[in-house]
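Visitor: give me a 3D structure for the following:
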Amino acid sequence: MFLLPCISRPLVRSNTTPPFFHTQKKLSNLFSKTPDSKNPSSSSLAIIDSNNRMAGIESNTSVSVQEWQGWGSISPVPSIVNQVILDLNLLEKEIVSPMTFGSNHGTLSGEFKVYEDKKHRAKYACLSNSEEKLQFFSARQIACRLLGSRGYLCQKCWLPLEDCMCSRVTKCPLWHGVRIWLYMHPKDFLRQNNTGKLLWQVFGVEAARLCLYGIAEHENMMWNELNQAGRNKVWCLYPNKNAETESVKDSVGCSKNLQRQAAPGNKYDTMHFILIDGTWSNSGAMFRRLQDRAESEWGQELGCISLNTGASLMHKLRPQPSWDRTCTAAAAIGLLYELQLITELSSFGLNKHAEAIENALEVLLEALTARRLRMGRSVSRRERHNTDIC
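Guide: Sure, this is the predicted structure:
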C-alpha cells in the first residue's frame, strides 16, 4: 500500500499563534540591519545607501513577477527570496568576484562560493529559532536555483533548453472538483528529474498549485484556501506506516458533501489533495510541518489516504527506497484512477486525466534518458529497494 492515514490527536486549540506565522518580518529586519540603530542619522544614511545599491543592481539581477511565475508559481515573488537575491548581488559587488554556479546550475561555485558560504553561515547562526532558520534555508536554496538556472533551463519543463520537452506534452484541464497541491521541498525546485512539475504542465497552475516548503507566503496562501474548504475536504497523500490504512474510497467516497461536490457546474466545493514533493529523507519533516499547522488551524491532524500503486516509470532512473514508494506524478496518477472508481465521480473523466499524466511521465523519461546517453552517462541506477518487498 502506498499511503496510510495518520492517528488523530485530541482536539486542543491554542490561544497563541504558532511562530511560523510571524517570523517573515523578523527575518526581513535581520537581513536589513543598519550599522547603528541608536543613531538616527546613521540609520537614515544606511537605508539610503541600501536603497541606492539596490537600485544599481535591480535591473540586472532581481526576479520579476513574470519570471517567477514562469517557473510554475501563481504567487508574487516571496519577499525573503528577493532579499536573499539582493544580498547575493551586494556580496558580488563587495568582493568584486563574479557569481558562478556548478554544473547543475543550482549551487554556487568558485571563489564567490567561499565568501558566500562564510557569510550565510554567520547569518544562519544569528537566527534565533528553528522557524527563522528554515525560512532562510529555503529562501537561499530557491534564490540560488533561480539565478543559476536563468538561460539554462526551460521555465516550463525544467530541462536544459536543448532538451525541452514542452512541445510533446499535451494539456488536459483537470475537473474543477479536484485541486492538487504540490508541497515541494526547495531542493526539488527546478530539479530536472522532478515529476511534480508535470501536474501543472498538464493541468495548469490553478488546478495543480505549487507550495514551497519553508516559504511562509506560499504556505499561508495554501492554508488560506484549505481553511475556506474545511478539513473534511482536504487530504494528504503520505505513507505513514504507523497509522491505520484508509483508502481513497473509504475517505473520499464517504464524504458527506460528495453529491453536492459532484453536481454539474459546482465550482465551490473543491476537494483538495496535498502531495509531498521531495526526497524520502526530507518528506518526514515536511509531513510533520503540515500536521503541526493542521492542528493549529483545526485542532486536528490532516486526514491521510493510501493508494494501491505499482512502481513508477521513473524507477528506471530514480529507484525508490522500496516498491511501496513512488514518484509524485505516479502518486497523482494512482489518486485519479481511484477517484474514478467512486460512483459519484465516475462521469468526470478522471481516468483520462490520469492517462495524460502517464503520457507526460513517459515523455520526461525519454527526454532524461536521451540526455544521459548523449552525455555518456548510465541510463539506469543501482537499485536501492529490497527485492522481497511486494
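Visitor: in the stretch 251-390 of the chain, which ranges drop under the pLDDT threshold?
Guide: 253-268, 309-325, 380-390 (pLDDT under 70).
Visitor: show me where it has its strands.
Guide: 271-277, 303-305 (DSSP state E, counting those that start in this stretch).
Visitor: can I get these in CSV including mean neighbour count and distance to Asn89?
Guide: Backbone N, C-alpha and C define where each C-beta goes, glycine included. Output for these, formatted as CSV (neighbours: other Cβ atoms under 10 Å; distance: least, Cβ to Cβ, whole Å):
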stretch, mean neighbour count, distance to Asn89
strand 271-277, 23, 29
strand 303-305, 22, 42
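Visitor: out of those, nearest to Leu159?
Guide: Nearest of these to Leu159, taken as Cβ to Cβ: strand 271-277 at 17.0 Å.
Visitor: hmm, who's touching the closest one?
Guide: 177-185, 188, 194, 196, 225-226, 229, 233-238, 252, 255, 261, 283, 286-287, 290, 302, 328, 331-332, 335 (Cβ atoms under 8 Å, 6 or more residues apart in numbering).
Visitor: before we move on, back to that, dump the strands of the stretch 251-390 of the chain into CSV; add distance to Leu345 as well.
Guide: CSV is the format used below for the strands of the stretch 251-390 of the chain (distance: least, Cβ to Cβ, whole Å):
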stretch, distance to Leu345
strand 271-277, 9
strand 303-305, 14
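Visitor: coming back round to it: now, of the contacts of strand 271-277, which are buried?
Guide: Buried members of these, counted by 16 or more other Cβ atoms under 10 Å: 177-185, 188, 194, 196, 226, 233-238, 252, 255, 261, 283, 286-287, 290, 302, 328, 331-332, 335.
Visitor: which of these fall within helices?
Guide: Taking DSSP state H, the ones among the buried ones among the contacts of strand 271-277 that sit in helices are 226, 261, 283, 286-287, 290, 328, 331-332, 335.
Visitor: tell me which two of these sit farthest apart.
Guide: Gln261 and Ser283, at 28.4 Å, using Cβ to Cβ across these.
Visitor: what's Gly371 in contact with, if anything?
Guide: Quick fix: residue 371 is Arg, not Gly. With the criterion set at Cβ under 8 Å, 6+ apart, Arg371 makes contact with 159-160, 163.
Visitor: looking at those residues, which is nearest Tyr213?
Guide: For the contacts of Arg371, the nearest to Tyr213 is Leu159 (22.6 Å; Cβ to Cβ).
Visitor: phi, psi of the closest one?
Guide: Torsion angles at Leu159 (phi, psi; degrees, to the nearest 10) stand at phi -110, psi 160.
Visitor: I'd say Arg191 and Cys157 touch.
Guide: No - using Cβ atoms under 8 Å as the test, Arg191 is too far from Cys157 to be in contact (11.7 Å).
Visitor: these two: who's more crowded?
Guide: Cys157 (24 against 21; other Cβ atoms under 10 Å).
Visitor: helix/strand/coil for that one?
Guide: Following DSSP: H, G, I helix; E, B strand; the rest coil, Cys157 is assigned to coil.
Visitor: surely it touches Val169?
Guide: Yes - at 7.2 Å, Cys157 counts as touching Val169 under the criterion of Cβ under 8 Å.
Visitor: between those two, which contacts overlap?
Guide: Gln201.
Visitor: my guess is Gln201 contacts Cys166. True?
Guide: Yes - applying Cβ under 8 Å as the test, Gln201 and Cys166 come out as touching, 7.5 Å apart.
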